[in-house]
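> prediction below, plus the sequence it came from.
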Amino acid sequence: MQQRLARWARSAPGYRWALTEVLPRVRSSATLSDLAWRVFAPRHTAGHVDVPLHGGVHLTGPDVSRVPVVGVVALGLDDETLAALMERVARLQRQLASFRPVFVVDRPVFAAARPHGYVLDLVVPRVEWLGEEGDYLLHVASRVAALRDHYQVWHVILADGPDLDPLDEALLTHLVRRLPADLDVRVATVDGSAE
Amino acid sequence: MSAEPSVLLVSSNGAGMGHLTRLLAYARRMPPGTRRHVLSLSQAAPVVTTEGLTWEYLPSQGATGLRPAAWRALFAERLGEVLSRVDPDVLVFDGTHPYRGLDEALAAHPRTRAVWSRRGMWKPGRNTDQLAKSTWFDEVLEPGDLAGAADRGATTAVENAVRVRPVTLLDPQDLVPREDAREALGLPPDGPLALVSLGAGNINDTDDEVGAAAAALRARGVGVCVTAPSIAARAYAGEGVHLVRHFPLSEHFAAFDLMIAAAGYNSFHEALRLGVPTLFVPNADTSLDDQVTRSRYAARAGWAFSVPTLTRGQASAAVDELLSDGEAAARRAVRADPGNGARDAADLILQLAVRSRRAPTAAGAT
């Protein structure tokens, strides 16, 4: 349905003209840009951006897609440590209800992620990288950049063990205060309903 | 460009292991020096290491929950990055729905030739809009179907596809002997055993069907083995069954005297080509794969048996028939086997690789 609507919009009379003529003029004018921003731009602070993403089974509620997405980049860890990290993140998520994680890892720990319902994105492990060391860092960097572009992450955590950095934990705790008071999100029970 | 041909195998998500297994069937029949790399949207991707292949994983739209448009942008970026890094001579996409973004990535990497590997037997009238995407590819490769004569789906009208014989990962000579197979799977060495494989449970809940099959088999003194594939949403938890988890499980088919299976492309062709007496219980809830037609065709041909369900008291008679006539049916299926098309498919892919290397600046996708 959405694809058909998008095709229809793209084929509508004036679409091409609006795209190539009107939008560039709006962008090049500070006044028009400000006006368009005031009229059309949605609020973009924490808890206002709607990002459909499977952020785990631990949160539920009608506004769960507005809970900020947090990238957790955890490379060079073994399977056991990654499973422990996911448990730690899950406990925090149930405690704070302030974020939804998406993990970037270099091990196929699907079985550990499945009970939590977390999304895993994988990079090539460093030991299997055949190119230059610098290229590997660029490979990881491109994946982190993709987190920002495609998952619209609010914050990226670099984890080097089963626990999070204290500052990251403090940030996730602080995030609770920044969320809108009317955000309807609850901690899920074991059967998926709200507690 | 390396000295050896390089192939990137891209599998769509799917509900089972079919797409990935078919790509492995092609890869296995390529010369040893061929660089074979897998980009998979399936969480089963790590199994390809058993074939000596390297792999990487890209979460599917369904796995991420992202909006389709957002996911397509992610897919296009990631595929483009892999194409630049791996620089394959040929990309082989196995799936029935080439994702938007594949065309953009291929256009940005014109040296790479592209093959769309897609099986037939689509439900009539379904997925017809996808066929236009064949223009993204240099070749469309259709693995044959033993029930192809009954196919009424949209792919039957396609004239420019290269059709090969049915494709399976293994051939009969690859089967591990019965005793070794049972030991490898941790199964009792003696007594009749049946394999019950009714899908990964990712399409619908098949516990009732598995339970009915298990009860009927046990009542007749047949031990029950249930598959627990790595991508299954969860394993069947009934009592008194052996859970089997191995890839490729078909190499241990000699461990089983009987099979009760869904009629997906892989299970269907592995059962018939490898000569296992089989009762098919087609999954009618698939979005595209016409398992019902495939299953009925095999029954009409006398190669196997088919029932729509084992529940509502259907299991006993079906299992009795399988026990009494299954071996004869399996022998008929083996006699009708035209052979494995995987080598033909691998040859086609490698011919394209040669063309890519001879004309490195030619546009690949049109």
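Perfect, thanks for sending it. Just so it is clear, the structure is predicted and the values come from calculations on it, not from any experiment.

> what about the closest residue to residue A:9 other than its chain neighbours, how many neighbours?
In space, and not counting its chain neighbours, residue A:9 is closest to residue A:15: 6.4 Å by C-beta to C-beta, 6 or more residues apart in numbering or on different chains. Every residue, glycine included, has its C-beta placed from N, CA and C. When neighbours are defined as other C-beta atoms under 10 Å in any protein chain shown, residue A:15 has 12 of them.

> so what's the residue lying closest to residue B:294 once chain neighbours are set aside up against?
Using C-beta to C-beta, 6+ apart and skipping residues adjacent in sequence, the residue nearest residue B:294 is residue B:147, 4.4 Å away. Residue B:147 makes contact with B:121, B:268, B:293-294, B:297-298, according to C-beta atoms under 8 Å, 6 or more residues apart in numbering or on different chains.

> nearest to chain A, of those?
Using C-beta to the nearest C-beta, residue B:121 comes nearest to chain A of those, at 25.2 Å.

> give me the neighbour count for the closest one.
24.

> now swap in residue B:103 and tell me
18.

> hmm, back to that, pLDDT score for the residue nearest to residue A:9?
With respect to pLDDT, residue A:15 scores 81.

> likewise residue B:362?
45.

> surely residue A:59 touches residue A:188?
Yes - using C-beta atoms under 8 Å as the test, residue A:59 is close enough to residue A:188 to be in contact (6.2 Å).

> all the strands of the stretch 201-350 of chain B, in order from the start?
Ranges of strands in the stretch 201-350 of chain B, per DSSP state E, counting those that start in this stretch, are B:223-227, B:242-244, B:258-261, B:278-280, B:305-306.

> mind putting the ones you listed into JSON lines with distance to residue B:357, mean neighbour count and mean pLDDT?
Below are those laid out as JSON lines (distance: least, C-beta to C-beta, whole Å; neighbours: other C-beta atoms under 10 Å in any protein chain shown; pLDDT from 0 to 100):
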{"stretch": "strand B:223-227", "distance to residue B:357": "41", "mean neighbour count": "22", "mean pLDDT": "94"}
{"stretch": "strand B:242-244", "distance to residue B:357": "43", "mean neighbour count": "18", "mean pLDDT": "93"}
{"stretch": "strand B:258-261", "distance to residue B:357": "41", "mean neighbour count": "26", "mean pLDDT": "97"}
{"stretch": "strand B:278-280", "distance to residue B:357": "43", "mean neighbour count": "29", "mean pLDDT": "98"}
{"stretch": "strand B:305-306", "distance to residue B:357": "47", "mean neighbour count": "21", "mean pLDDT": "98"}
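
> same list (those strands) but as TSV, adding distance to chain A.
Shown next, in TSV, are the strands of the stretch 201-350 of chain B (distance: least, C-beta to the nearest C-beta, whole Å):
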stretch	distance to chain A
strand B:223-227	17
strand B:242-244	15
strand B:258-261	25
strand B:278-280	29
strand B:305-306	33
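
> with distance to residue B:160 added, can I get those in CSV?
Below are the strands of the stretch 201-350 of chain B laid out as CSV (distance: least, C-beta to C-beta, whole Å):
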stretch, distance to residue B:160
strand B:223-227, 37
strand B:242-244, 41
strand B:258-261, 33
strand B:278-280, 32
strand B:305-306, 33
